[in-house]
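J.: Sequence first, then the predicted structure, then my questions.
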Amino acid sequence: MPAPSPQGDGTNRQGCMIGLFWIERDRVCLGSPPTEEDPGVFLLPARLSVGEGVQRQDWSWSEVTDLRVLDVPVRSSAARWATRVLSVAAAALNAWGPDGPTMMTAVVCVRGDQRVETPVFSGAATAYTRREVDLSLGLLSHFVRGSATPALLTRWWHENQPSDVLHSHEREAVLKSWTAPLM
C-alpha cells in the first residue's frame, strides 16, 4: 500500500511513486512529497512551483527553460535486491536502522537566466532503475518543451487509483505508456 505523505497539515495524502514522480489525486511532486526540510517541487498542468505558502515560487511552463534532477540514486536490479536483503537482515537483527530517503537536487532554469536549486527526497526505497530515470527525465523534458503536461500523471492516477506499491518493471511500463506517444 502506498505510504501517506508526511504532510504537517493533518491530511492523509495517498500517492504512488512512478519514476521520479510522486502522484496524488490532485498534484504531482518531483521526488517524494515534501517535508519540513524539503520545500517540494510541484508539477502542475499550467505551472511549476517550488515550495508552498508564502515561500512558494511559481513559473509557467513557458518560462521554464530546463528542469534537471541531480544525484538520482540509480542501481542495477541485482544491487537493489542485495540492498533490500541486507536491510531486512540488519533490521531483523536490530543491527542497523535504515537511513532516510536519498536527497536529490532539482535544478529549475527560467528565462532571464534565473536558476533555482532545491533539495527533493527520492521516492525510491533503495534506488531507481536506469530505465526508470531515463524515462522520467525524458518526460520532464516534454513538460519543459510543452509537448506534454503533468495532467497526464494525475489523469492516470484517477483512472487507476493504485493501492499497491508498483514494482520497478510496472513503473517502467507506466512511464513507457506516457512517453511512447510523445516520441
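T.: It's in.

J.: switch to C-alpha atoms for all contacts and neighbour counts from now on
T.: Noted.

J.: partner residues bridging the closest residue to residue 30 other than its chain neighbours?
T.: Of all residues not flanking residue 30 in the chain, residue 21 sits nearest, at 4.9 Å (Cα to Cα, 6 or more residues apart in numbering). In this entry, residue 21 is beta-bridged to residue 18, residue 30, by DSSP bridges.

J.: so what's residue 21 up against?
T.: 28, 29, 30, 31, 32, 123, 136 (Cα atoms under 8 Å, 6 or more residues apart in numbering).

J.: Next one: the closest residue to residue 46 other than its chain neighbours relative to residue 145, how far apart?
T.: Nearest residue to residue 46, sequence neighbours excluded (Cα to Cα, 6+ apart): residue 60, at 5.9 Å. Look at residue 60 and residue 145: by Cα to Cα, to the nearest Å, they are 12 Å apart.

J.: How about residue 24?
T.: Counting by Cα to Cα - residue 24 and residue 145 are separated by 23 Å.

J.: Look at the two and report which has more neighbours.
T.: Shown here are residue 24 and residue 145; by other Cα atoms under 10 Å, residue 24 has more neighbours (23 against 15).

J.: Against residue 153, how distant is residue 45?
T.: 10 Å.

J.: the more surrounded of the two?
T.: residue 153 (25 against 18).

J.: Do a quick rundown of the strands in this protein.
T.: Taking DSSP state E to define them, one finds strands in the chain at 15-18, 21-24, 28-30, 41-43, 47-50, 57-60, 64-70, 103-110, 114-121.

J.: how about those strands, which one is nearest residue 131?
T.: Proximity to residue 131 (Cα to Cα) singles out strand 15-18 among the strands of the chain, at 11.9 Å.

J.: What is that closest one packed up against?
T.: Other elements packing on strand 15-18 under the criterion 3 or more Cα pairs under 8 Å, 6 or more residues apart in numbering; DSSP states H and E are strand 21-24, helix 168-179.
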